[in-house]
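Student: sequence first, predicted coordinates after that:
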Amino acid sequence: MTRQTSIDVYREIKEQGLISKMQFEVYDKAFEFGPITQGETWDEHFSDLQRHTVAPRFAEMKKIGILAVVGKRKCRYSGRICEEWDVTSKRPVTIAPTKSKDKIIAELQAENKELRKKLGLQERKPSAKQNPLIPMRQAGLFNESKS
């Protein structure tokens with residue numbers, strides 16, 4: 001029953017394009033040849049690509065639930081004990097996007113503005129060259145201690 005469920009999920013992922021092209025290529029090999037190690041996947045199916053193009057796809061797909069570590073054994077490629085990967089019977093879960101750098105900066109600036117207001121400090125627009133720790137030192141919020 002598990003393998004049939006995996007087949008259904010495989011078809012759904014393929015038909016609906018639920019993962020990136022490179023992820024699907026790695027997923028396809030894990031489906032066809034799994035359980036398989038990362039090294040074997042690269043060596044036997046993607047040796048024309050750089051290994052760092054293939055290896056990260058495993059963690060990405062583990063994160064969304066469609067690949068899983070199912071054991072450990074000696075890898076045919078490296079000769080070392082490595083994790084074996086195989087497809088799961090789960091559909092990919094959507095991962096909430098992380099905050100952008102600009103969003104984080106905006107939130108920190110708003111928090112800084114609120115703290116300055118509470119401490120009775122003037123609002124300052126820092127120049128690009130200004131050390132951001134100087135206003136914190138002046139407010140006594142940052143204490144450098146050298147060990």
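Tutor: The structure has been received and is ready for your questions.
Student: what separates Arg80 from Lys72, distance-wise?
Tutor: 10 Å (Cβ to Cβ, to the nearest Å). (C-beta placed from N, C-alpha, C; glycine too.)
Student: over to Leu49: give its phi and psi.
Tutor: For Leu49, the backbone dihedrals are phi -100, psi 160 (criterion: degrees, to the nearest 10).
Student: which one is it nearest to, not counting chain neighbours?
Tutor: Trp42 (7.5 Å; Cβ to Cβ, 6 or more residues apart in numbering).
Student: quick one: contacts for the one you found?
Tutor: Contact analysis of Trp42 by Cβ atoms under 8 Å, 6 or more residues apart in numbering lists Leu49, Arg51, Val54, Ala55, Tyr77.
Student: so how far is Ser100 from Glu25?
Tutor: 28 Å.
Student: okay, the two: which has more neighbours?
Tutor: The residue with more neighbours, out of Glu25 and Ser100, is Glu25; 17 against 9, by other Cβ atoms under 10 Å.
Student: and the next helix or strand past the strand or helix carrying the more buried one?
Tutor: Following DSSP states H and E, the helix or strand that holds Glu25 is helix 21-33. Using DSSP H and E, the next helix or strand after helix 21-33 towards the C-terminus is helix 38-45.
Student: cool, thanks, signing off.
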